[in-house]
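K.L.:
give me a 3D structure for the following:
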Amino acid sequence: MLVLSTKSEFREHLETVRALGRTVGLVPTMGALHEGHLSLIRAAVADCDVVALTIFVNPLQFGAGEDLSAYPRPLERDLELAEDAGADVVFTPSTDEMYPEPTLSNVHVEELTAGMEGASRPTHFDGVTTVVTKLFNIAGPSRAYFGEKDFQQLAVVRRMTMDLDQPVTVIGCPIVREADGLAMSSRNVYLSASEREAATVINRALRAGAAMISAGERDPSVVETHMASIIEAEPLAELDYAVVVDPDSLETPAELVSGTTARLLMVAKVGTPRLLDNLGVDVP
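P.N.:
Alright, predicted model coming up:
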């Protein structure tokens, strides 16, 4: 496995790969790899000739009060896991390499970034879309793999890629969960034993909401209220939001329509970390 740290090396390597007629799978991450990330690498391995992983803790997507310096950076372990999962090349730039000058330009996606994470973390998505655009520009034509756990992010990146005619196909991959249903996340390491047990309430609330829809409930506000009540009954959990949205527009419909798909999204704070999760449900 090749490890590269400069933009020019990474760009030139992937240009050479494509010149030889080989396809590129791109997996952008901030490191601290877990099984969710590894599932993206494996999906890229199955689809593409060469898999390029990026590990970069992007300062632009950290807001006020969010501790960038505390974000885990176990690079040696990440490289071992990446190689075992089948990555061919890893791009590990420094902050100075990615941002040699103060960033005067940014990429902003309207509407899709207004609610949910965009409301809780106002500068977050501009940081995400700006760095992803940079990575797409450096890597070139490819298939890019993102997890569905950050569902709003996935929708935003898809729309950005379409709007800007970026030569990248965005692939969404299923959420990887622990045996008790908790979505895998780099933030889970910050949970104490009691908080870790309490965190399972998030997935339970989502499944309860999906069950209501499957049983015939068509009013999103009723489903949202029920999910919120389950979180509020857990003393160690503090709800940020629980919403039912259209998976493309990310807007809450007035009524769920039979034959469509809804997405249930939830964020709750358990101890220190904010934990994201979501669940898709077909409206019968």
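K.L.:
mind listing the strands for the stretch 101-250 of the chain?
P.N.:
In the stretch 101-250 of the chain, strands defined by DSSP state E, counting those that start in this stretch lie at 142-147, 168-173, 237-245, listed in chain order.
K.L.:
in stretch 233-251, which residues are buried?
P.N.:
By 16 or more other Cβ atoms under 10 Å, the buried positions in stretch 233-251 come out as 234, 236-237, 239-247, 250. Using the backbone N, CA and C atoms, a C-beta is placed for each residue, glycine as well.
K.L.:
and stretch 49-56, by the same measure?
P.N.:
Within stretch 49-56, the residues scored as buried using 16+ other Cβ under 10 Å are 50, 51, 52, 53, 54, 55, 56.
K.L.:
what of stretch 153-162?
P.N.:
So, applying 16+ other Cβ under 10 Å, buried residues of stretch 153-162: 153, 154, 155, 156, 157, 158, 159, 160, 161.
K.L.:
before we move on, what about stretch 246-266?
P.N.:
For stretch 246-266, by 16+ other Cβ under 10 Å, it's 246, 247, 250, 252, 253, 256, 262, 263, 264, 265, 266.
K.L.:
what does stretch 90-100 give?
P.N.:
Neighbour-count burial for stretch 90-100 [16+ other Cβ under 10 Å]: 90, 91, 92, 93, 98, 99.
K.L.:
mind putting the residues you listed into JSON lines with distance to residue 62 and pLDDT?
P.N.:
Listed next are these as JSON lines, based on distance: Cβ to Cβ, whole Å; pLDDT from 0 to 100:
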{"residue": "90", "distance to residue 62": "22", "pLDDT": "98"}
{"residue": "91", "distance to residue 62": "20", "pLDDT": "99"}
{"residue": "92", "distance to residue 62": "19", "pLDDT": "98"}
{"residue": "93", "distance to residue 62": "17", "pLDDT": "98"}
{"residue": "98", "distance to residue 62": "14", "pLDDT": "98"}
{"residue": "99", "distance to residue 62": "13", "pLDDT": "98"}
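K.L.:
which ones among those residues map onto helices?
P.N.:
Members of those lying in helices (criterion: DSSP state H): residue 98.
K.L.:
closest to residue 17 among the buried residues of stretch 153-162?
P.N.:
residue 161 (20.5 Å; Cβ to Cβ).
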